[in-house]
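Chemist: Fold the following.
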Amino acid sequence: GDATQRLAQELRRAEKLSAELAARDEGHRDIITSAQREALRQSSEVEKLRLRLEVATRTIEELKLELRVNVRAGASLPSDITSYQKKLDNNDEDDDEKRAGRDRK
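Modeler: Next up, the predicted model:
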């Protein structure tokens, strides 16, 4: 009688504890999963920025090369530099507009 009742009580308590632990474990799994998802999102964002930097660096190298060629060919420097500056400014404005557009989303 008494011992059986005590055992049944212990069993119920153990089952309740087991259910609580399972629920907590599920919650932790959800937190880990969403953290992994966020890490993936951020790393793809970093990759996009790295690619944009690569493109910008290549553009700068091309402009430097073009400028050197034009200088060797005896181009009138002031107007050339002004046009390159405009080209660069336009690229910056395009990037700013794209960035602004993305931030609004």
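Chemist: Could you check which helix or strand contains Asp25?
Modeler: Element membership for Asp25 (DSSP states H and E) is helix 2-72.
Chemist: tell me which strands and helices that helix is in contact with?
Modeler: In terms of contacts (3 or more Cβ pairs under 8 Å, 6 or more residues apart in numbering; DSSP states H and E), helix 2-72 is packed against helix 77-104. C-betas here are computed from N, CA, C, even on glycine.
Chemist: Show me what the mean pLDDT comes to for the helix it packs on.
Modeler: When pLDDT is averaged along helix 77-104, the result is 68.
Chemist: before we move on, what about stretch 1-18?
Modeler: On average, stretch 1-18 scores 93.
Chemist: Only C-alpha atoms, please: export that stretch in PDB.
Modeler: These are the backbone C-alpha positions of stretch 1-18, laid out as PDB (Å, rounded to 0.1, in the frame of the first residue of the first chain):
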ATOM      1  CA  GLY A   1       0.000   0.000   0.000                       C
ATOM      2  CA  ASP A   2       2.200   2.800   1.400                       C
ATOM      3  CA  ALA A   3       5.400   1.900  -0.500                       C
ATOM      4  CA  THR A   4       3.400   1.500  -3.800                       C
ATOM      5  CA  GLN A   5       1.800   4.900  -3.300                       C
ATOM      6  CA  ARG A   6       5.100   6.500  -2.700                       C
ATOM      7  CA  LEU A   7       6.600   4.800  -5.700                       C
ATOM      8  CA  ALA A   8       3.700   6.000  -7.900                       C
ATOM      9  CA  GLN A   9       4.200   9.600  -6.600                       C
ATOM     10  CA  GLU A  10       7.900   9.400  -7.300                       C
ATOM     11  CA  LEU A  11       7.100   8.100 -10.800                       C
ATOM     12  CA  ARG A  12       4.700  11.000 -11.500                       C
ATOM     13  CA  ARG A  13       7.200  13.500 -10.200                       C
ATOM     14  CA  ALA A  14       9.900  12.000 -12.500                       C
ATOM     15  CA  GLU A  15       7.600  12.000 -15.500                       C
ATOM     16  CA  LYS A  16       6.700  15.700 -14.900                       C
ATOM     17  CA  LEU A  17      10.400  16.600 -14.500                       C
ATOM     18  CA  SER A  18      11.200  14.600 -17.700                       C
END
